[in-house]
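S.K.: mind looking at a prediction? Sequence and model below.
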Amino acid sequence: MSKVFDYAEVAQHNTAESCWVILYGNVYDVTRFIPEHPGGSKVILQLAGTDATEEYDPIHPPGILEENLEASDKLGTINTDTLPKEEKTPEETGEAQAEGPVDLDNLLNLDEIEEVATKQIPYKAWAYYFSASDDLQSKSFNNSVYRSILLRPRVFVDCTRCDTSTSFIGNNVKLPIYVSPAAMARLANADGEWGIAQACSQYGAMQIISQNASMTPEQIVADATPGQVFGWQLYVQNERQKSEAILARMNKLDCIKFICLTLDAPVPGKREHDERSKNVGSNLPVRASVQESQSLSKTSTSAVTPTQASEDEKPKPKSMGMGQSLFWGTAADLTWRSTLPWLAKHTDKPIVLKGIQTHEDAYLASLHAPHVKAIILSNHGGRALDTAPPAVHTLLEIRKYCPEVFDRIEVWVDGGIKRGTDVVKALCLGAKGVGVGRAALFGLGAGGKEGVARVLEILKAETETCMRLLGVEKVEQLGMQYINTRAVERDIWDGPGMERTAVKAKL
C-alpha cells in the first residue's frame, strides 16, 4: 500500500544529500537524479522539499518522469490537507489585469495581441518570452529596420488575384510565413506547441518545433493534417549521444521534413528580464508595460547573474533565468569541419542552418549544398549578442558580396516581423520565407490556438494587401524593383569583399 506523507515530512528533505519533491500529488526522491538533470542541479534544489507541480508541469513534456526516474524513486502520495496554502499575487498569476474572454477579432495587429497576452500570462512566462540580451538593441532594431525600407507600388495593374503560396525546400505551403522554434509554449497556454500546430494547419503554414518544447514531438504533430510541414530544431549537446538519440527519434517522424541546426546561440545571452524573474521563486516585480520594459534593463542594477560555485563551497544555489537553465549542456564547440559530417551520419533529413549573421558564413553554408538546403538569417530574436545585425542587413550583404548564395540554397529570415509589409520587404530582398516566434507565443497567451490562428490571419491579410497594392499577384514575382533600401544600405558592412579562396580554406 502506498505511503501517505505529510508536507512537513517532505519539507525536511531539501538538500542535495536528500532531495524529495511533490509532483502531481506523488512524492519522489530525486536525489539520484540531481547530477543528471539537463537543466543543472540548481533548478531542482530550488524546489527541494516542496510541491514542484506548478513549476514543472508547463515546462516538461509528459513521460519525462517515467523516462528518468525508477519505480523505487516514487515514495508515495502527499496528504493534500497538509499542503501550505500559498497566496499568490495577481502579478504572479497573471489574473490582475485579465478581463474575461478576449474578442480576438477586435485585435487588429500583433502589438495589440502582445499587449493582451502581457496582461494574461504569468510574469515568469512574459519575462522569458519578452526578454532579449543586454539593452535590447538588436531586438528593437530587428523590427525598426523594416520601417526604413520604402515600398514602390505599381498602378494600373489587375490586383484582383493574390496567391501567397510557396514552398520550403520542396515542401508546399500556403504562406511564406513560418513559426520559428519557440520554446516553453505551455507557459502561455495549455494548448502549447500543439496549439501552434493546429493554427499552422488552418493557414497552411510551416512550424519549426523547438528542442525545448513543453510537449513531446509526437504530441505536437499528433493531429497534423496530410502534407503539413514541420522542422525540428537541434541544439547539439555536450553529450553527443543525447543529440544522436533525438535525431534517431526525428528520423522516424515523416512529417519532420528537416533538421534546423541552431548556431546563433552557442552560449546564452544575458537576458535581464528573464534573469530578474528567476527560474522559480517569488517576489516578482509588477509587470511593466511593453514600452516601459524596453528601458527597464538600462535603469535597474538589481539583476542577478548566475555564477558557478566550487563543489567544495556548495552554497545555496542561486536562481537563474529560464533561458540560462535551458542552455545547460548545450555544446559550444561546433565547427564546419566536424559538426556537419557528424550530422550526416545520424540523419538523412535535409539540414537548415539557423543563425547566419554575415555574408561570409552564408557563403560557407552554400558550399555545403546539397546537404545544407537552407539557411536562416537570424540573431536569435536579439536574445544572444546585442547589437548583432538584423536579418535585413545580412540579406543586403549577401546581395552585394555573394549573390550566388541565393541560387545554391534557400535563404529564410526571422526576427522583428510584425506586419505583412515586413514580410513582403524581406521577400523582395531575396528571402524565401519569414519566421515569427514571439508572435506565436503571445498569440497563445492571448487566446490559445485561436490566438495563434489570429496572428497568422492578420499577417496573411496584411501580406495580401501589400502585394495587391504593389501590383504583385504571386510571391515569386516580388523583387528589388518593389522596394527602396537606400537608407538601410548606408549601415551595412562596407569593408573589403571576401576573398573566396580564403573563406573556403576554413572548411
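M.R.: Nice, thanks for sending it over. Numbers count the residues shown, from 1 in each chain.
S.K.: where does the residue most central in space within the chain land on pLDDT?
M.R.: Nearest residue to the geometric centre of the chain (CA atoms, centre = their mean): Ala182, 2.6 Å. Here, the pLDDT recorded for Ala182 equals 88.
S.K.: wait, it sits on Ile196?
M.R.: Yes. Here Ala182 lies in contact with Ile196, judged by CB atoms under 8 Å, at a distance of 7.4 Å. All C-beta atoms are positioned from the backbone trio N, CA, C, and that covers glycine.
S.K.: between the two, what contacts are shared?
M.R.: Common neighbours of Ala182 and Ile196 (criterion: CB atoms under 8 Å, 6 or more residues apart in numbering): Ala440.
S.K.: surely Cys258 is in a helix?
M.R.: One correction, residue 258 is Phe, not Cys. No. Residue state for Phe258 (DSSP: H, G, I helix; E, B strand; the rest coil) corresponds to strand; a helix is not indicated.
S.K.: tell me how many other residues surround it.
M.R.: 23 (other CB atoms under 10 Å).
S.K.: and it, how far from Gln219?
M.R.: Here Phe258 is placed at a distance of 20 Å from Gln219 (CB to CB, to the nearest Å).
S.K.: quick one: mean pLDDT over whichever strand or helix holds Ala8.
M.R.: In this structure, Ala8 sits in helix 7-11 according to DSSP states H and E. For helix 7-11, mean pLDDT rounds to 88.
S.K.: show me what that helix is packed up against.
M.R.: When contacts are defined as 3 or more CB pairs under 8 Å, 6 or more residues apart in numbering; DSSP states H and E, helix 7-11 packs onto strand 20-23.
S.K.: who touches Tyr203 in this structure?
M.R.: By CB under 8 Å, 6+ apart, the contact set of Tyr203 is Lys174, Leu175, Ala453, Leu456, Glu457, Lys460.
S.K.: okay, those residues in JSON lines with pLDDT and distance to Val352 next?
M.R.: Formatted as JSON lines, the contacts of Tyr203 follow (pLDDT from 0 to 100; distance: CB to CB, whole Å):
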{"residue": "Lys174", "pLDDT": "98", "distance to Val352": "20"}
{"residue": "Leu175", "pLDDT": "98", "distance to Val352": "17"}
{"residue": "Ala453", "pLDDT": "97", "distance to Val352": "25"}
{"residue": "Leu456", "pLDDT": "98", "distance to Val352": "21"}
{"residue": "Glu457", "pLDDT": "98", "distance to Val352": "26"}
{"residue": "Lys460", "pLDDT": "98", "distance to Val352": "23"}
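S.K.: just the closest of the residues you listed to Asp51, please.
M.R.: Lowest distance from Asp51 to the contacts of Tyr203 (CB to CB) belongs to Ala453, with 34.5 Å.
S.K.: sec struct for the nearest residue to the closest one once chain neighbours are set aside, please.
M.R.: Distances taken as CB to CB, 6 or more residues apart in numbering place Ala199 nearest to Ala453, at 4.0 Å, with adjacent residues excluded. Here Ala199 is helix, with the state taken from three-state DSSP.
S.K.: confirm for me that Ala199 is in contact with Leu441.
M.R.: No. Ala199 is beyond contact range of Leu441, at 11.9 Å (criterion: CB under 8 Å).
S.K.: how many neighbours does the residue nearest to Ala453 have?
M.R.: For Ala199, the neighbour count with other CB under 10 Å is 25.
S.K.: OK, contacts around it?
M.R.: By CB under 8 Å, 6+ apart, the contact list for Ala199 reads Ala205, Ala440, Gly443, Lys449, Glu450, Val452, Ala453, Val455, Leu456.
S.K.: rerun that using 6 Å as the cut-off
M.R.: Applying CB atoms under 6 Å, 6 or more residues apart in numbering to Ala199 gives the contacts Lys449, Val452, Ala453, Leu456.
S.K.: ok, now how distant is it from Asp223?
M.R.: To Asp223, Ala199 is 12 Å away according to CB to CB.
S.K.: what segments of the stretch 151-300 of the chain are strands?
M.R.: 166-168, 171-173, 177-179, 206-209, 230-234, 256-262 (DSSP state E, counting those that start in this stretch).
S.K.: just the element for the closest residue in space to Asn379 that isn't next to it in sequence, please.
M.R.: Nearest residue to Asn379 in three dimensions, chain neighbours excluded: Ala388, at 4.1 Å (CB to CB, 6+ apart). Per DSSP H and E, Ala388 falls between elements, in no helix or strand.
S.K.: surely Ala388 is in contact with Ser138?
M.R.: Yes. The criterion here is CB atoms under 6 Å, and Ala388 meets it with Ser138 at 5.2 Å.
S.K.: those two: which has the busier surroundings?
M.R.: Neighbours per residue (other CB under 10 Å) separate Ala388 from Ser138, with Ser138 holding more: 26 against 23.
S.K.: can you tell me which residues contact the nearest residue to the residue nearest to the centre of the chain once chain neighbours are set aside?
M.R.: Closest residue in space to Ala182, ignoring its immediate chain neighbours: Gly437 at 4.4 Å, by CB to CB, 6+ apart. Neighbour list for Gly437: Ser180, Ala182, Gly381 [criterion: CB under 6 Å, 6+ apart].
S.K.: apply 10 Å and report the result again.
M.R.: By CB atoms under 10 Å, 6 or more residues apart in numbering, Gly437 lies in contact with 129, 178-183, 208, 210, 378, 380-381, 383, 414-415, 417.
S.K.: doesn't Val434 fall inside a helix?
M.R.: No. Judged by three-state DSSP, Val434 forms no part of a helix; its state is strand.
S.K.: CSV for the contacts of Ala199, including distance to Glu55, neighbour count and secondary structure?
M.R.: Shown next, in CSV, are the contacts of Ala199 (distance: CB to CB, whole Å; neighbours: other CB atoms under 10 Å; DSSP: H, G, I helix; E, B strand; the rest coil):
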residue, distance to Glu55, neighbour count, secondary structure
Lys449, 24, 21, helix
Val452, 24, 35, helix
Ala453, 29, 22, helix
Leu456, 31, 24, helix
